[in-house]
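# fold the following.
(one chain, ligands or ions: 2)
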Amino acid sequence: MNTSAPPPLLRVTGLHKRFGQDEVLKGIDLDVQPGERIAILGASGSGKSTLLRCLNFMELPSAGRVELDGEAIGKERPGRSGEVVYSEAELTQVRQRVGMVFQQFNLFPHMTALANVMEGLRTVKRMDRVDAERRAREQLKRVGLADKADNYPARLSGGQKQRVAIARALAMEPELLLFDEPTSALDPELVGEVLVVIRALAQEGRTMLLVTHEVGFAYHFADRILFIADGVIHEQGTPDEVLKHPRQARTQAFLASHNEFTF
Ligand SMILES: Nc1ncnc2c1ncn2[C@@H]1O[C@H](COP(=O)(O)OP(=O)(O)OP(=O)(O)O)[C@@H](O)[C@H]1O
Ligand SMILES: [Mg+2]
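Residues are numbered from 1 along each chain as shown. Ligands and ions are numbered 1, 2, ... in the order given. You can find the predicted model right below:
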């Protein structure tokens, strides 16, 4: 009998990311278990977006490994220890398994909500039109936008645009969902409708990493909080540990500057 624990859904080991001379990520180590919800906090410019972008390979890591479900992404180049090469075919696969929702929605402006959600199903998953449309309509319904399928983004509110973007990510049936400040671009009165959708996904047991400045939401949403500083995970723990009893001075200072939240 195999009694070893199942591998984490995501394992990140020694992840570094440089832009020229600027080393933004300096060794991120992170295991994410299936169903875990993680909120990522950190000052502006600390590398939160860069970390998420490396996890779905919109940016290629400069060093380090990413494993999904026990499988390493990329291959070490023979004889060049530590250097990892990635094939486009593999990265296309990974981007289906790891969905991402952006602060600025990133919808195609010349396509309706329905067409935006269908796009990846058609071009990446190569689904036929009827199946893609059925799945896209299901996902729009799920985020409460069944009646907006034919609207172009210009005729949607910010909260609706973000819900379309979430429907688009969900349609690809990702194993892991990444959210990069999904409510930061929204007027305050539109934040709630997006958080409701994210909370419902959390209740379904989905595995999610969420970058946010909404400390109060992070407290209720997350099983674990990561605080990023100086390119590493500076402090992590349960929401109570990190948000109510931070041990590190940097974490304390960050939270003091976000003192508008209530638990
Ligand atoms: N494509 C890029 N080329 C060069 N530098 C970049 C690139 N992307 C990010 N950076 C730099 O990396 C650093 C981290 O940026 P990142 O966007 O990851 O920060 P962040 O924590 O998401 O900040 P914010 O809270 O403002 O969104 C910044 O100094 C930024 O200028
Ligand atoms: Mg960012």
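# interface residues of the protein facing ligand 1?
19, 22, 24, 42, 44-50 (CB under 6 Å from any ligand atom). For every residue, glycine as well, the C-beta is placed using N, CA and C.
# among the residues you listed, which are in helices?
If you go by DSSP state H, the residues of the chain next to ligand 1 have 48-50 in helices.
# neighbour-wise, which of those leads?
The residue in these with the most neighbours, by other CB atoms under 10 Å, is residue 48 (23 neighbours).
# show me the two of the residues of the chain next to ligand 1 that sit farthest apart.
19 and 42 (17.0 Å; CB to CB).
# these two: which is more packed in?
residue 42 (21 against 10).
# show the contacting residues for the closest residue in space to that one that isn't next to it in sequence.
Once flanking residues are discounted, residue 42 sits nearest to residue 228: 3.5 Å by CB to CB, 6 or more residues apart in numbering. Applying CB atoms under 8 Å, 6 or more residues apart in numbering to residue 228 gives the contacts 40-42, 46-48, 51, 234.
# outside of stretch 104-114, which residues touch it?
115-116, 119, 133, 136-137, 140, 145, 148-154, 156, 158, 160-162, 164-165, 167-168, 185.
# what's the first-to-last distance across it?
18 Å (CA to CA, to the nearest Å).
# how about stretch 202-220?
11 Å.
# in which helix or strand does residue 114 reside?
Element membership for residue 114, per DSSP states H and E: helix 113-123.
# pLDDT weak spots in the stretch 151-263 of the chain?
Applying pLDDT under 70 to the stretch 151-263 of the chain flags residues 259-263.
# which residues in it form helices?
With DSSP state H, counting those that start in this stretch, the ranges of helices along the stretch 151-263 of the chain come out as 158-171, 188-203, 215-221, 239, 249-256.
# so which of the ones you listed is nearest residue 64?
Closest to residue 64 of the helices of the stretch 151-263 of the chain is helix 249-256 (CB to CB; 22.5 Å).
# sorry, back to before: dump the helices of the stretch 151-263 of the chain into a markdown table; add mean neighbour count and distance to residue 76 as well.
A markdown table is the format used below for the helices of the stretch 151-263 of the chain (neighbours: other CB atoms under 10 Å; distance: least, CB to CB, whole Å):
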| stretch | mean neighbour count | distance to residue 76 |
| --- | --- | --- |
| helix 158-171 | 25 | 30 |
| helix 188-203 | 16 | 35 |
| helix 215-221 | 19 | 36 |
| helix 239 | 18 | 37 |
| helix 249-256 | 15 | 34 |
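# all good on my end, thank you.
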